[in-house]
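Would you be able to build a 3D model of this:
(chains A, B, C and D)
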2 protein chains.
Amino acid sequence: MASIRDVAEQCGVSTATVSRALAGKQHVREEVRKQVLEAAQRLDYRPNRAARNLRSNQSSNIGLVVSDIQNPFFTSICRAVEDAALKAGFAVFLCNTDEDPEKEALYLRHLADENVAGVIIAPTGRRTRDFQMLNGLAMPLVVIDRPIGKELADTVVIDNAEAAFDLTEHLISHGRRRIACVFGANSSTGQERRKGFQLALQKNGLTERRELVHSVPPREEEGYRAVCQMLALPDAPDAVLTSNGLLALGAYRALMESGKKCPEEVSFATFDEAAWTSLVKPSVTVLEQPTYEIGATAAGLLLMRIEDPKRSIRHVELKHKLLIRHSCGCA
Amino acid sequence: MASIRDVAEQCGVSTATVSRALAGKQHVREEVRKQVLEAAQRLDYRPNRAARNLRSNQSSNIGLVVSDIQNPFFTSICRAVEDAALKAGFAVFLCNTDEDPEKEALYLRHLADENVAGVIIAPTGRRTRDFQMLNGLAMPLVVIDRPIGKELADTVVIDNAEAAFDLTEHLISHGRRRIACVFGANSSTGQERRKGFQLALQKNGLTERRELVHSVPPREEEGYRAVCQMLALPDAPDAVLTSNGLLALGAYRALMESGKKCPEEVSFATFDEAAWTSLVKPSVTVLEQPTYEIGATAAGLLLMRIEDPKRSIRHVELKHKLLIRHSCGCA
DNA sequence: CGGATTCATGCAAACGATTACAGTGTATCC
DNA sequence: GGATACACTGTAATCGTTTGCATGAATCCG
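Residues are numbered from 1 along each chain as shown, chains lettered A, B, ... in the order given. Next up is the predicted model:
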């Protein structure tokens, strides 16, 4: 591999000049710059990243920490972040925490060790302590999906309470009164959505039933199990609502297998758009989050913060969208 | 951040000794080693990766290059690779090529620049030229899914021709004779599956109909369009087969919208298991690839090659599985 | 015209680890 | 008892950049 010395020798200048020329800095004669550029091209010179990183403490990588790479919600965000990063000349470290705070801490350390330029993270837990650690790392940071530590970092979120409120009210507007819910446990989003749900009940004069509200880890089986259980209740629910795409899969499956007519006997609605929701019968009414936009916005914020670490902290709240289909009883 | 010098000073030894102690090398008194370990712990010393990388030309990162991070097939592989890498103390650079050879080349360069320990790649094109470039980079390499350059790198694949053969024969066994196919274009897998399909036809005395075989970019819309077109043919097909999960989504949608009865009038079967295939009615008969295993195997091979770059090249072929459900006409 | 400023460049010191080599001390062998 | 081997440790070179400082030349201004 050609090094900066090779280029320098080839041009009869010092490495300092080459470095300056390549970095587009001032104080390099135009003629010399051209020569350097040519030589670099000719020798297929590629700067040694490790050396650069060592010397100047900055890399052109960013970290993306999510809790489940197989969840289309995150995949879409990931896609957006990647697109934006690539355009800005960054590459992305993808880290999968599996909702495990230990794994999360491990990865954050690794990212810090790698000297990444910044990190976009959907934090696993509510453990603000760990988060402080993260903040102690003092690298540019954007928090998505689960707004922890608002004082400390840029965030991109949706109004989860409002979204859940809208979704719930939609079901209520169809005359549903005994709504079974499955929320994701361990994440602030789950909590907030639950609050929005409760608010909608309240506003419509309904009371929450404990046996109809579950908080479980966000996995298909858990959604399945919870819904099976609730559908078997003596005073069975007339609607099912889930707070994320993975739970929705299980819930829908449970609903189908129960033999109950949907939407006639039991309505269904969920957070998170996915490929299958419009494919099944009845098609599923969905509260869609602007996933790609979340990722793109987060990447944008991060790049700007990398540019200027002192800029004031921003919080972006994006709008959700209700995709009305057939599982709720709409024509 | 504490550096190796801080640890050395704290212990009253040289940096060389610290380095040796931490690396677990010989010729360090047990007592000293213990002291060093303690001091490192106390100071929360974390080796500077850039420095290490610069000096010794090895990083503890590996690259994973896939063509579509939103395709569950790759997501599952990604997951497996991540799991395995983490266990071995590596982190993963995820790169999304979007089936674009330019982007692929770009990323490979970046990975090489980053001095990654190795790369797992599902190559986009058939362009062996680019591939040679890649090989010229001379880093440990494992090719998955699309076996290009068998002489040059470890590979993990399934027998695509056989898989397609099996899937096709299954349809034929249900009396299907005019099978419409949509294959992924630009990938060797698509080609091979097509061959397997043709072989199955041949063996059963059927002739291929040009108008019933499409090769299109692997995207939902493309699958949709192709199947719409074929279903509208005067001599309409009595079965539809798609060669990957994204095409399947579009194809199934087209099939549903066409109003034709499935499986009575038109059977359906596809490659790639996904969450929705068992959820829809009729549920979809699928040729399942062992995705997680592919990723895990690839990661294993890569780690071993990193360990010993000279070991002989291996090719692993994993077994596919036919998941018989209802869209093909089985009870 | 001379001092001040600006420009173009080179020299050499970092950055923080690893490691070849050399040096010291202790044990072993004949 | 001297030679030899081996274990432990330190010194300093090295990886390939970036960048502060020094230098000399050109330009400017009063």
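
Identify the residues contacting the residue lying farthest from the centre of chain A.
What lies farthest from the middle of chain A is A:Gly12; by C-alpha atoms, centre = their mean that is 50.1 Å. Not one residue lies near A:Gly12 by C-beta atoms under 8 Å, 6 or more residues apart in numbering or on different chains. C-betas here are computed from N, CA, C, even on glycine.

Over to it: give its phi and psi.
According to degrees, to the nearest 10, the main-chain angles of A:Gly12 amount to phi 70, psi 30.

any idea which helix or strand carries the residue of the stretch 151-300 of chain A found nearest DNA strand D?
Per C-beta to the nearest atom of the strand, A:Ala299 is where the stretch 151-300 of chain A lies closest to DNA strand D, at 23.7 Å. Per DSSP states H and E: A:Ala299 is located in helix A:291-307.

so after that helix, what's the next helix or strand?
strand A:315-318.

residues of that following strand that come out buried?
A:Val316 (16 or more other C-beta atoms under 10 Å in any protein chain shown).

so where is the stretch 1-150 of chain A shaky, pLDDT-wise?
A:125-137 (pLDDT under 70).

Which residue ranges of the stretch 201-331 of chain A form strands?
For the stretch 201-331 of chain A, the strands defined by DSSP state E, counting those that start in this stretch occupy A:213-216, A:239-242, A:267-271, A:285-288, A:315-318, A:321-323.

Out of these, which is closest to chain B?
strand A:267-271 (12.3 Å; C-beta to the nearest C-beta).

would you list every one of the strands in the stretch 1-150 of chain A?
Using DSSP E, counting those that start in this stretch, strands in the stretch 1-150 of chain A cover A:61-66, A:91-96, A:118-121, A:141-144.

Need those strands in CSV (columns: distance to A:Ala180 and mean neighbour count).
CSV is the format used below for the strands of the stretch 1-150 of chain A (distance: least, C-beta to C-beta, whole Å; neighbours: other C-beta atoms under 10 Å in any protein chain shown):
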stretch, distance to A:Ala180, mean neighbour count
strand A:61-66, 28, 26
strand A:91-96, 30, 24
strand A:118-121, 32, 26
strand A:141-144, 29, 26
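
mind checking how far the residue of the stretch 151-300 of chain A closest to DNA strand D is from A:Gly63?
12 Å (C-beta to C-beta, to the nearest Å).

Now for these two: what residues contact both?
Common neighbours of A:Ala299 and A:Gly63 (C-beta under 8 Å, 6+ apart) are A:Ile120.

hmm, back to that, out of the strands of the stretch 201-331 of chain A, nearest to A:Arg20?
Closest to A:Arg20 of the strands of the stretch 201-331 of chain A is strand A:315-318 (C-beta to C-beta; 37.8 Å).

what's the domain layout of chain A?
A:4-47, A:60-158+A:291-318, A:160-289+A:322-328 (automatic domain parsing).

and the end-to-end length of the shortest one?
Pointing back at domain A:4-47 there. Terminal residues of domain A:4-47 are spaced 7 Å apart (C-alpha to C-alpha, to the nearest Å).

do the last one as well
Taking C-alpha to C-alpha, the first and last residues of domain A:160-289+A:322-328 lie 20 Å apart.

How about the stretch 101-250 of chain A: which residue is closest to DNA strand C?
Closest point on the stretch 101-250 of chain A to DNA strand C, by C-beta to the nearest atom of the strand, is A:Asp113, at 9.6 Å.

The closest residue to A:Ala122 other than its chain neighbours and A:Ala185: what is the separation?
Residue nearest to A:Ala122 in three dimensions, not counting chain neighbours: A:Asp145, with 4.2 Å by C-beta to C-beta, 6 or more residues apart in numbering or on different chains. Going from A:Asp145 to A:Ala185 by C-beta to C-beta gives 15 Å.

is chain B contacted by stretch A:236-245?
No. Stretch A:236-245 is not in contact with chain B by C-beta under 8 Å from any C-beta of the partner chain; minimum separation 9.2 Å.

average pLDDT across that stretch?
Average pLDDT, stretch A:236-245: 96.

buried residues in that stretch?
Buried residues in stretch A:236-245 (16+ other C-beta under 10 Å): A:Pro237, A:Asp238, A:Ala239, A:Val240, A:Leu241, A:Thr242, A:Ser243, A:Asn244, A:Gly245.

what sits against the residue of the stretch 101-250 of chain A closest to DNA strand C?
Taking C-beta under 8 Å, 6+ apart as the test, what A:Asp113 contacts is B:Arg46, B:Pro47, B:Asn48, B:Arg49.

Report the contact partners of the first one.
B:Arg46 makes contact with A:Arg109, A:Ala112, A:Asp113, B:Met1, B:Ala2 under the criterion C-beta under 8 Å, 6+ apart.

Filter those down to the buried ones and hand me the ChimeraX line.
To isolate the buried subset of the contacts of B:Arg46 in ChimeraX, counting by 16+ other C-beta under 10 Å, use the following:
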select /A:112,113
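
I appreciate the help and will end here.
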